[in-house]
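Asker: following is a predicted model, sequence given first.
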Amino acid sequence: MEQPYAFPLEYQTVLTPDYRTDQETLQNFSLLQELKFSGVELNITEPKQIDVKDLKDFLAGFELVMGQFASGLAAKTFNLSLSSPDPNHRKASVDKCKTYIDFAAAFDAGVILGYAKGGVSSDPAAARCAYKESLNELVAHAEKTSTPILTEATNRYETSVVNSLDETYDLVKDFESSCARILPDTFHMNIEEKDMLGALKIYADRYQLFHFSDNNRFLPGLGAIDFQPIVEFLKENQYQGWIGLEGNIQDNVRDDLRATMKYLGPVLE
């Protein structure tokens with residue numbers, strides 16, 4: 001597929017078990033193909049139940065790949081917390097995330113750790129320490145297949161582990177493995193960063209995916225963030241990674257996607 005944008009685009013969505021026959025999925029993926037998206041970030045609760053070859057073939061029919069495994073739905077479904085003070089809870093969460101790494105590896109995809117990091121804690125220092133222990137085990141597992149582990153910087157109302165890019169980098173900087181990556185997200189950065197572009201520049205070599213989501217958590221163009229200077233910054237700094245569109249739905253998926261690409265498409269040319 002000819003790449004019409006400065007960066008490859010992917011959209012985060014839930015993969016239903018009956019994805020080959022689910023009409024909503026078929027229509028949404030057809031629109032992604034029409035809009036020239038290159039990939040998807042898939043939320044899947046039980047990846048072990050998915051036939052890898054069949055999913056690859058299905059996505060290829062829409063000229064898409066799975067760029068990332070999004071662990072958010074699974075984290076909520078199974079109450080995962082990689083920073084839990086309970087060692088048994090933490091171990092169960094690590095073991096689950098290892099299965100996501102194995103699944104993502106079959107697609108040469110990364111694994112996003114957002115909600116899976118764990119929620120707000122009364123002891124943030126302990127939560128960060130516990131998460132780092134979990135991440136150490138996950139990175140060691142990911143290195144076997146060179147699968148990127150993307151720790152997402154999420155705002156203070158969602159987690160105590162890492163909020164700003166500074167904090168996220170501080171947590172992963174001691175890992176020699178290139179599998180330990182960070183993930184910036186404009187929605188969270190709008191809350192946590194004093195200088196969004198400055199933070200992006202400092203850590204440009206540590207992220208390969210950048211989430212675009214507006215200040216109200218809808219898709220870009222449906223809120224107040226000006227994405228033009230962000231895109232110009234990425235172009236000027238020769239960013240080579242994915243742009244992932246993520247957000248709540250305002251009207252319906254297809255109307256929102258068309259609206260965001262009407263706004264974002266020309267910016268990304």
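Answerer: That came through, no problem.
Asker: any idea how far stretch 24-43 is from the middle of the chain?
Answerer: Computed by Cα atoms, centre = their mean, to the nearest Å, the chain-centroid distance of stretch 24-43 equals 16 Å.
Asker: neighbouring contacts of it?
Answerer: Identification of contacts with stretch 24-43 by Cβ atoms under 8 Å, 6 or more residues apart in numbering yields 1-5, 8-16, 19, 59, 62-74, 112, 242, 244, 246, 253-254, 257-258, 261, 265. To be clear about C-beta, it is placed using only N, CA and C from the backbone, and glycine gets the same treatment.
Asker: can you select the buried ones from those in ChimeraX?
Answerer: Provided next is the ChimeraX selection string for whichever of the contacts of stretch 24-43 are buried by 16 or more other Cβ atoms under 10 Å:
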select :5,8,9,10,11,12,13,15,19,59,62,64,65,66,67,68,69,70,71,72,73,74,112,242,244,246,253,254,257,261,265
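Asker: ok, and for whichever strand or helix holds Leu200, which residues are buried?
Answerer: Leu200 is part of helix 196-202, with elements assigned from DSSP states H and E. Going by neighbour count (16+ other Cβ under 10 Å), the buried part of helix 196-202 is 196, 199-200.
Asker: can you check stretch 202-210 too?
Answerer: Under the neighbour-count rule (16+ other Cβ under 10 Å), stretch 202-210 has 203, 206-210 buried.
Asker: taking those residues together, which two end up most distant?
Answerer: The two members of the buried residues of stretch 202-210 with the most space between them (Cβ to Cβ) are Tyr203 and Leu209, at 12.8 Å.
Asker: which neighbours do these two share?
Answerer: Joint contacts of Tyr203 and Leu209 (Cβ under 8 Å, 6+ apart) do not exist.
Asker: coming back round to it: okay, the buried residues of helix 196-202 in TSV with pLDDT and distance to Phe78 next?
Answerer: Conversion of the buried residues of helix 196-202 to TSV gives the following (pLDDT from 0 to 100; distance: Cβ to Cβ, whole Å):
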residue	pLDDT	distance to Phe78
Met196	97	33
Ala199	96	32
Leu200	97	32
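Asker: state the number of residues packed around Leu171.
Answerer: Leu171 is flanked by 21 other residues according to other Cβ atoms under 10 Å.
Asker: for the one 3 residues further on, same thing?
Answerer: When neighbours are counted by other Cβ under 10 Å, Asp174 registers 9.
Asker: then the one 5 residues further on?
Answerer: Using other Cβ under 10 Å as the criterion, Cys179 is surrounded by 24 other residues.
Asker: same check on Asp54?
Answerer: Count around Asp54 with other Cβ under 10 Å applied: 11.
Asker: re the thing from before, contacts for the helix holding Leu200?
Answerer: Contact with helix 196-202 is made by 164-166, 169, 184, 186, 189-190, 193, 210, 229-230, 233-234, 237, as judged by Cβ under 8 Å, 6+ apart.
Asker: could you identify the most distant pair in those?
Answerer: Going by Cβ to Cβ, the pair spanning the contacts of helix 196-202 furthest: Tyr169 and Pro229, at 22.0 Å.
Asker: between those two, point out the one with more neighbours.
Answerer: Higher neighbour count among Tyr169 and Pro229: Tyr169, with 18 against 12, using other Cβ under 10 Å.
Asker: can you tell me the element Glu41 falls in?
Answerer: Per DSSP H and E: strand 39-43 holds Glu41.
Asker: mind listing the strands that strand pairs with, and their directions?
Answerer: strand 9-14 (parallel), strand 65-70 (parallel) (DSSP bridges).
Asker: reformat the ones you listed as JSON lines; add mean pLDDT.
Answerer: Formatted as JSON lines, the strands paired with strand 39-43 follow (pLDDT from 0 to 100):
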{"stretch": "strand 9-14", "mean pLDDT": "98"}
{"stretch": "strand 65-70", "mean pLDDT": "98"}
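Asker: low pLDDT regions in the chain?
Answerer: 1 (pLDDT under 70).
Asker: please enumerate the strands of it.
Answerer: For the chain, the strands defined by DSSP state E occupy 9-14, 39-43, 65-70, 110-113, 149-152, 180-183, 209-212, 242-245.
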